[in-house]
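> After the sequence you'll find the predicted model.
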Amino acid sequence: MDLKRVRVRRERPTALAWALALCVTMLVVYVLTLNAAKPDVVESVAAAPRVTREIAFEALRGWCVCMARCDSDQAARLAASAYSARGAGGCVAALDGGWAVLGAVYDSERDADRIAGRLLSEAGIPAEAICLEADAVKLRITAPQAQIDAIAGADALLRQQGKRLGEIALQVDRGELRPEAARTLCAVAAEEASDLARSLAAVPGATDNALCAGLIERLNALADMEGALSATSEQGASLSGMIRCAQIESFLGQREMQAGLRD
């Protein structure tokens, strides 16, 4: 998240290099999703013996840069609109009985503090780093092994893609990733998330299971946001701001889902 723009001349990858990198990425995704939702795979899962396994959902923790706190949703959205076109996420979230405008989410407190400090010193924005988290959860699940693997895979993909969205936004800000390449990566990620959601939903009884239904919902929501990113015509800071907003919304949704697993 870089609200102060500085033009720096740098060597950029060639169009051929980008094309090769994107082709490799799409090939990996294709191989991973070859068996998604195929009838014979679904039948084999249904007929497979049920086993009991423990799945650990690791603690979910993100350090967010909060750019404003407001008393109403309307005021928060008005404040967010002023930031989103400048590279910040501008994501509105209910927090501590009020509304917060979140600009980015990071894995470490140090990174969030650094960005919040820069926003204050360079742009006069009274930003702060806040920690949003969900405790680790361990569940004992009795189901066919393939379904258990799909559940674990869905959790891993949500975490991985969330982190990747932040990396894409930063690369766009730095000029290391062209907008068209960023949109293509978002399209590939959307297809991967959508394929996994369909694969999990195709398992008999999955949609009636609260855990599976929650994961399917989160995967589809992420796929929809990434699909919208792949279709946008926004450039530069506006594009990176949209990507960061999608990252934050996905994180918040996954945090809410995981917190609900303890109920």
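Sure thing, it's come through. Residues are numbered from 1 along each chain as shown.
> before we move on, what SS does Gly103 have?
Classification of Gly103 by DSSP: H, G, I helix; E, B strand; the rest coil places it in strand.
> Tell me who's in contact with it.
For Gly103, the contacting residues are 1, 64-67, 83, 88-91, 115, 119, 127, 244, by Cβ atoms under 8 Å, 6 or more residues apart in numbering. Using the backbone N, CA and C atoms, a C-beta is placed for each residue, glycine as well.
> Go through those and flag which are in helices.
Applying DSSP state H to the contacts of Gly103, the entries found in helices are 83, 115, 119, 244.
> Next, format those residues as JSON lines and append distance to Arg183, pLDDT and neighbour count.
What follows is the ones in helices among the contacts of Gly103, written out as JSON lines (distance: Cβ to Cβ, whole Å; pLDDT from 0 to 100; neighbours: other Cβ atoms under 10 Å):
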{"residue": "Tyr83", "distance to Arg183": "22", "pLDDT": "78", "neighbour count": "26"}
{"residue": "Ile115", "distance to Arg183": "25", "pLDDT": "93", "neighbour count": "21"}
{"residue": "Leu119", "distance to Arg183": "27", "pLDDT": "90", "neighbour count": "24"}
{"residue": "Arg244", "distance to Arg183": "15", "pLDDT": "94", "neighbour count": "30"}
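> Going by distance to Ala231, which of those wins?
Closest approach to Ala231 among the ones in helices among the contacts of Gly103 (Cβ to Cβ): Arg244, at 17.5 Å.
> So which of the contacts of Gly103 are in strands?
By the criterion of DSSP state E, membership of the contacts of Gly103 in strands covers 64-67, 91.
> From those residues, pick the one nearest Asp111.
Lowest distance from Asp111 to the ones in strands among the contacts of Gly103 (Cβ to Cβ) belongs to Val65, with 9.1 Å.
> Asp135 versus that closest one, what's the distance?
When distance is defined by Cβ to Cβ, to the nearest Å, Val65 is 23 Å away from Asp135.
> I'd like to know how many residues surround the closest residue to Gln235 other than its chain neighbours.
Leaving out its chain neighbours, the residue that sits closest to Gln235 by Cβ to Cβ, 6 or more residues apart in numbering is Pro179, at 5.1 Å. Pro179 is flanked by 16 other residues according to other Cβ atoms under 10 Å.
> which ones are touching Pro179?
Contacts were defined as Cβ under 8 Å, 6+ apart; by that measure Pro179 touches 172, 234-236, 239.
> So, low pLDDT: which residues of the stretch 1-150 of the chain?
Low-confidence segments of the stretch 1-150 of the chain, defined by pLDDT under 70, are located at 1-47, 85.
> could you redo the last one with a cut-off of 80?
For the stretch 1-150 of the chain, the stretches with pLDDT under 80 are 1-48, 82-89.
> Val65 and Asp135 - which one has more neighbours?
Neighbours were counted for Val65 and for Asp135 using other Cβ under 10 Å; Val65 has more, 28 against 13.
> Next up, the contacts around Asp71.
Applying Cβ under 8 Å, 6+ apart, one finds that Asp71 lies in contact with 98-99.
> Let me fix that, I meant to ask about Glu58.
Under the criterion of Cβ under 8 Å, 6+ apart, the contact list for Glu58 reads Ala136.
> which residues in the protein form helices?
15-32, 39-47, 73-84, 109-123, 145-174, 179-201, 210-231, 236-260.
> Which strands or helices does the fifth one pack on?
So the one you mean is helix 145-174. Contact partners of helix 145-174 among helices and strands, from 3 or more Cβ pairs under 8 Å, 6 or more residues apart in numbering; DSSP states H and E: helix 39-47, strand 50-57, strand 98-106, helix 179-201, helix 210-231, helix 236-260.
> Could you dump the ones you listed into JSON lines with distance to Arg77 added?
JSON lines is the format used below for the helices and strands packed on helix 145-174 (distance: least, Cβ to Cβ, whole Å):
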{"stretch": "helix 39-47", "distance to Arg77": "42"}
{"stretch": "strand 50-57", "distance to Arg77": "31"}
{"stretch": "strand 98-106", "distance to Arg77": "8"}
{"stretch": "helix 179-201", "distance to Arg77": "24"}
{"stretch": "helix 210-231", "distance to Arg77": "17"}
{"stretch": "helix 236-260", "distance to Arg77": "12"}
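> Okay then, goodbye and thanks.
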